[in-house]
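Colleague: sequence first, predicted model second:
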Amino acid sequence: MSPNHRARLARVSPWFPLAAIVLFGVLGIPWSTWITLSVAGLGMGMMLFVMATGLSLSFGLMDVLNLGHGALIAIGGFIGATAVSGYEFGIWPALPWLHWHPGTALQAGIGLAACCASGALLVGLLAARTMPRHPRGGRRAALPAGAALAAAAAVGLGLWAAHARVQPVLADLGIVASTFVCAFVVLALVGLAFEYLFIRPVYRDPLRQILVTVGASYLIAELLKAIWGPASLSMGMPSTLMGGLSLGGVVVEKYRLLAAACGLLVYLGLQALVHRTRAGLLIRAGVENVEMVEALGYRVRLLFLAVFVGGAALAGLGGAMWGLYQGQVSTGMGAEMLVMIIIVVIMGGLGSISGCLYASVLVGLLSNYTTYIVPTVSLFSSIGLLVVVLLAWPRGLLPAR
């Protein structure tokens with residue numbers, strides 16, 4: 001085989017698992033059910049991606065093995081459950097002194113702003129990816145900014161024109177958006193404290209990182225019990241996001257579509273940040289040679305801190321998303337998800353955002369297909385997939401370059 005054929009096969013071969021999983025689903029599931037399960041698998045995969053990408057970045061870029069990542073997810077779930085209950089009913093678990101209940105008009109306004117911002121962000125990121133590189137290494141901001149403003153205006157005008165009909169939907173989207181923002185911001189602050197207390201003393205010492213972060217996860221679990229109680233906390237889905245949409249005889253869950261859209265925005269934003277900005281360049285250079293980058297006058301440690309805090313914030317966002325899907329959160333939620341997240345991180349390739357997304361989608365699709373076809377296999381299907389992938393691709397499917 002010629003070197004060109006080998007290189008082409010190396011580029012194509014990581015996509016074989018996806019083809020095999022899709023073929024497995026198509027052959028064993030009726031067509032309409034297959035589409036429903038595929039969309040559900042994509043939504044589940046996107047939620048896994050949001051939860052896992054912070055661990056992937058901190059492990060792959062900073063060489064920090066944080067086994068307390070699951071505890072951060074659990075905190076995000078409890079923050080999300082508290083916010084949903086407060087925004088929807090005015091009852092704030094663990095905050096009995098708070099008696100504030102935003103009205104429907106305010107919730108609808110927040111939902112409208114979230115829709116406009118999401119549309120602007122999506123169009124702006126897509127426009128930036130298609131722009132030619134600036135001669136000095138940056139990208140011209142005029143077209144992406146203009147496209148983002150136009151998208152925001154179009155979304156805003158469209159929703160405002162149909163305001164009376166879509167107000168309940170906007171109000172529920174406002175509840176969800178506010179919940180996600182709360183979980184993201186609170187976990188960013190928690191991540192800052194977590195890095196200072198538990199990670200900073202054990203940099204460059206993997207064994208102590210494992211011991212310290214596992215101990216921190218147990219401590220956080222006990223704190224959650226002390227604040228919210230040992231029982232599971234209900235996290236009800238807003239009414240207009242419950243159920244599914246019927247499209248040509250195919251039923252698609254509304255919340256899975258919303259989760260997939262959120263995951264796509266997170267992916268595009270992270271790709272732009274890590275691969276298209278000076279900060280991302282410095283982070284990747286600092287991984288290779290911290291001393292050299294610091295000798296050039298850059299404070300790489302602050303960039304690494306920002307990476308860890310951002311990963312913690314994404315863990316909180318993912319925890320809120322997963323809790324809303326499950327309908328409840330518990331202190332064992334983080335430990336349950338940590339195994340799945342480690343599988344995704346290793347299978348995709350350490351430090352690879354695209355690999356993390358790809359592996360998450362594979363796990364989501366395979367879990368849904370096996371649950372329908374062979375329910376007894378679904379419990380260990382992800383571990384079996386990990387074994388097969390590591391035998392064929394030891395560095396992961398799409399490792400960071």
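Modeller: Arrived safely. Bear in mind that the values here come from a model prediction, so they are computed numbers and not experimental data.

Colleague: so where's this protein shaky on pLDDT?
Modeller: Where the chain drops to pLDDT under 70, the residues are 1-12, 127-165, 286-290, 401.

Colleague: centroid-nearest residue for it?
Modeller: Central residue of the chain (C-alpha atoms, centre = their mean): residue 50, 0.9 Å from the mean position.

Colleague: quick one: contacts for residue 373?
Modeller: By C-beta atoms under 8 Å, 6 or more residues apart in numbering, the contact list for residue 373 reads 24-25, 28-29. For glycine as for every other residue, the C-beta is placed from the backbone atoms N, C-alpha and C.

Colleague: can you put these in JSON lines and add secondary structure?
Modeller: Shown next, in JSON lines, are the contacts of residue 373 (DSSP: H, G, I helix; E, B strand; the rest coil):
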{"residue": "24", "secondary structure": "helix"}
{"residue": "25", "secondary structure": "helix"}
{"residue": "28", "secondary structure": "helix"}
{"residue": "29", "secondary structure": "coil"}
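
Colleague: out of these, who's the most crowded?
Modeller: The most crowded member of the contacts of residue 373, judged by other C-beta atoms under 10 Å, is residue 25 (22 neighbours).

Colleague: that one - nearest residue in space that isn't next to it in sequence?
Modeller: Of all residues not flanking residue 25 in the chain, residue 369 sits nearest, at 4.2 Å (C-beta to C-beta, 6 or more residues apart in numbering).

Colleague: give me the number of residues near the one you found?
Modeller: There are 24 residues near residue 369, going by other C-beta under 10 Å.

Colleague: the strands in the stretch 301-401 of the chain, which residues?
Modeller: 328-329 (DSSP state E, counting those that start in this stretch).

Colleague: cool, the chain as well?
Modeller: Along the chain, counting by DSSP state E, strands occupy 233-234, 244-247, 250-253, 328-329.

Colleague: export these to a markdown table and append columns for mean neighbour count and distance to residue 268.
Modeller: Output for the strands of the chain, formatted as a markdown table (neighbours: other C-beta atoms under 10 Å; distance: least, C-beta to C-beta, whole Å):
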| stretch | mean neighbour count | distance to residue 268 |
| --- | --- | --- |
| strand 233-234 | 17 | 32 |
| strand 244-247 | 12 | 24 |
| strand 250-253 | 16 | 22 |
| strand 328-329 | 22 | 28 |
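
Colleague: surely the residue nearest to the centre of the chain meets residue 316?
Modeller: No: applying C-beta atoms under 8 Å as the test, residue 50 and residue 316 come out as separate, 9.7 Å apart.

Colleague: for residue 90, what are phi and psi?
Modeller: phi 80, psi 10 (degrees, to the nearest 10).

Colleague: count of residues packed around the closest residue to it other than its chain neighbours?
Modeller: With sequence-adjacent residues excluded and distances taken as C-beta to C-beta, 6+ apart, residue 90 is closest to residue 101, at 3.0 Å. Residue 101 is flanked by 14 other residues according to other C-beta under 10 Å.

Colleague: got phi/psi on residue 101?
Modeller: The phi/psi pair for residue 101 (degrees, to the nearest 10) is phi -130, psi 110.

Colleague: mind listing what it touches?
Modeller: Here residue 101 is in contact with 86-87, 89-90 (C-beta under 8 Å, 6+ apart).

Colleague: show the buried residues in these.
Modeller: Burial by neighbour count, judged by 16 or more other C-beta atoms under 10 Å, picks out 86-87 from the contacts of residue 101.

Colleague: redo the contacts of residue 101 as JSON lines? Include distance to residue 312.
Modeller: Shown next, in JSON lines, are the contacts of residue 101 (distance: C-beta to C-beta, whole Å):
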{"residue": "86", "distance to residue 312": "22"}
{"residue": "87", "distance to residue 312": "23"}
{"residue": "89", "distance to residue 312": "28"}
{"residue": "90", "distance to residue 312": "29"}
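
Colleague: now, the contacts of residue 101 that are in helices?
Modeller: Taking DSSP state H as the definition of helices, the contacts of residue 101 contribute 86-87, 89.

Colleague: what distance do you get for the residue nearest to residue 90 to residue 107?
Modeller: Distance of residue 101 to residue 107, computed by C-beta to C-beta, to the nearest Å: 10 Å.

Colleague: quickly list what's touching both of those two.
Modeller: Overlap of the contact sets of residue 101 and residue 107 (by C-beta under 8 Å, 6+ apart) consists of residue 87.

Colleague: on that earlier part again, relative to residue 280, which of the ones in helices among the contacts of residue 101 is nearest.
Modeller: residue 87 (34.1 Å; C-beta to C-beta).

Colleague: was I right to think that closest one contacts residue 180?
Modeller: No: checked against C-beta under 8 Å, the pair residue 87 and residue 180 is beyond contact range at 11.3 Å.

Colleague: need the strands of the chain in JSON lines with distance to residue 321, can you?
Modeller: Converted to JSON lines, those look like this (distance: least, C-beta to C-beta, whole Å):
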{"stretch": "strand 233-234", "distance to residue 321": "16"}
{"stretch": "strand 244-247", "distance to residue 321": "18"}
{"stretch": "strand 250-253", "distance to residue 321": "13"}
{"stretch": "strand 328-329", "distance to residue 321": "11"}
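
Colleague: how about these, which one is nearest residue 389?
Modeller: Once the strands of the chain are compared by C-beta to C-beta, strand 250-253 is nearest, at 27.7 Å.

Colleague: now the closest one: how far from the chain's centre is it?
Modeller: Between the mean C-alpha location of strand 250-253 and the chain-wide mean there is a distance of 22 Å, by C-alpha atoms, centre = their mean, to the nearest Å.

Colleague: kindly report the same for stretch 170-181.
Modeller: Per C-alpha atoms, centre = their mean, the centroid offset for stretch 170-181 relative to its chain is 17 Å.

Colleague: buried ones in that stretch?
Modeller: Quick answer for stretch 170-181 (16+ other C-beta under 10 Å): 170-180.
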